[in-house]
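Engineer: okay, predicted coordinates and the sequence, questions at the end:
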Amino acid sequence: MAELQAGVRALQHLTSTEPTADDRVAFARVLGMDLDPWQAAFVTSGGRRDLLNCSRQAGKSTAAAILALHEALHVPDSVTVLVSPSQRQSSELFRKVVELRDRLPHEPELLEDNRLSMHVRGGGRVLSLPGSEQTIRGISAVSLLIEDEAARVDDNLYRSVRPMLAVRNGRLVLMSTPFGKRGHFYQEWSEGGPGWSRVRVPATDVPRISPGFLEEERNALGDWWYRQEYLCEFVEAEDAFFRDDDILGAITNEVQPLFAQGAA
């Protein structure tokens, strides 16, 4: 009798989740989430490189958590890695994954379940890693890598985690608000080439954020912080003596060097 009941539960789980295996928007609805158009486009995209330049409270963490949970449930032997400037921030994103998992109509069977990782039987793993280049090496065959607060992640950490994707040609997601014209998030956004899918969602496009609140924030934060945190603009660092555009404008290939290269 127990075996029969277990079989019925397994069949119920299969029939309830299988239709969402290839439809992440339907999967989000099962979780009680109505996605914004940009979120729906992101989770259904088949691209391998994503840049999410989104305002605070635009929903980028929720969209990324849906993607991570779907990967763990429906891609056998998948490995999803969450990184950010600190373990606390990585854990916050992982907590969103767990909160969404708890909304499932049928709880998945877990081989591993703790505050930093989980492993779904028949599916994949989700790992939350600290923001330290020295402590994350050794993980391979990553199918999905999500870097949160990417504008504040150390460039050496970014260079260290990218090779994790090599074996499975995994998907890389960098998401953040800007933090000056510096670092790999800005460089990939401005110079990364056509291989990246770029999504910009300023707070003025988020219906949940009122114009009155934004006006208060502009007055409270000042122009430099407001334009980055809410308008998703890459602006000059506050302590920069020269603007980046002025420096680039002063460089030319028409002026020959005073001394030939290699001259004594």
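Structural biologist: Okay, I see it. Numbers count the residues shown, from 1 in each chain.
Engineer: ok, what's across the strand from the residue lying closest to Pro108 once chain neighbours are set aside?
Structural biologist: Distance criterion C-beta to C-beta, 6 or more residues apart in numbering; nearest residue to Pro108, sequence neighbours excluded, is Val120 at 5.0 Å. For every residue, glycine as well, the C-beta is placed using N, CA and C. Applying DSSP bridges to Val120 gives these bridge partners: Leu110.
Engineer: touching, Val120 and Glu107? I think so.
Structural biologist: No. Contact criterion C-beta atoms under 8 Å: Val120 and Glu107 do not qualify, at 10.4 Å.
Engineer: neighbour count: these two, which is higher?
Structural biologist: Val120 (23 against 10; other C-beta atoms under 10 Å).
Engineer: which ones are touching that one?
Structural biologist: Ala72, Leu73, Pro108, Glu109, Leu110, Leu111 (C-beta atoms under 8 Å, 6 or more residues apart in numbering).
Engineer: then Val161?
Structural biologist: Val81, Val83, Ile136, Leu145, Glu147.
Engineer: follow-up on the earlier one: and the contacts of Val120, which is closest to Ser197?
Structural biologist: Ser197 lies nearest to Ala72 out of the contacts of Val120, by C-beta to C-beta, at 22.1 Å.
Engineer: the closest one and Arg121 touch, don't they?
Structural biologist: No. Using C-beta under 8 Å, Ala72 makes no contact with Arg121, being 10.7 Å away.
Engineer: more neighbours, those two?
Structural biologist: More neighbours surround Ala72 than the other of Ala72 and Arg121, with 24 against 9 (other C-beta under 10 Å).
Engineer: give me the nearest residue to Val98, chain neighbours excluded.
Structural biologist: Closest residue to Val98 apart from its sequence neighbours, by C-beta to C-beta, 6+ apart: Met118 at 7.1 Å.
Engineer: give the next helix or strand downstream of the helix or strand encompassing the one you found.
Structural biologist: Element membership for Met118, per DSSP states H and E: strand 117-120. Downstream of strand 117-120, the first helix or strand assigned by DSSP H and E is strand 125-128.
Engineer: note down every partner strand of that following strand and its orientation.
Structural biologist: Using DSSP bridges, strand 125-128 pairs in its sheet with strand 79-83 (parallel), strand 117-120 (antiparallel).
Engineer: what's the most buried one of those strands?
Structural biologist: Of all the strands paired with strand 125-128, strand 79-83 has the most neighbours on average by mean count of other C-beta atoms under 10 Å, namely a mean of 26.
Engineer: what does that strand contact?
Structural biologist: Contacts with strand 79-83, where a contact means C-beta under 8 Å, 6+ apart, come from 68, 71-72, 90, 93-94, 97, 124-129, 131, 136, 139, 141-148, 153, 157, 161, 164.
Engineer: out of these, which sit inside helices?
Structural biologist: The members of the contacts of strand 79-83 that map onto helices under DSSP state H are Ala68, Glu71, Ala72, Ser90, Leu93, Phe94, Val97, Leu157, Val161.
Engineer: show me where the chain has helices.
Structural biologist: All helices of the chain, identified by DSSP H, fall at 2-17, 24-30, 37-44, 60-74, 87-101, 155-161, 183-191, 211-221, 223-229, 244-249.
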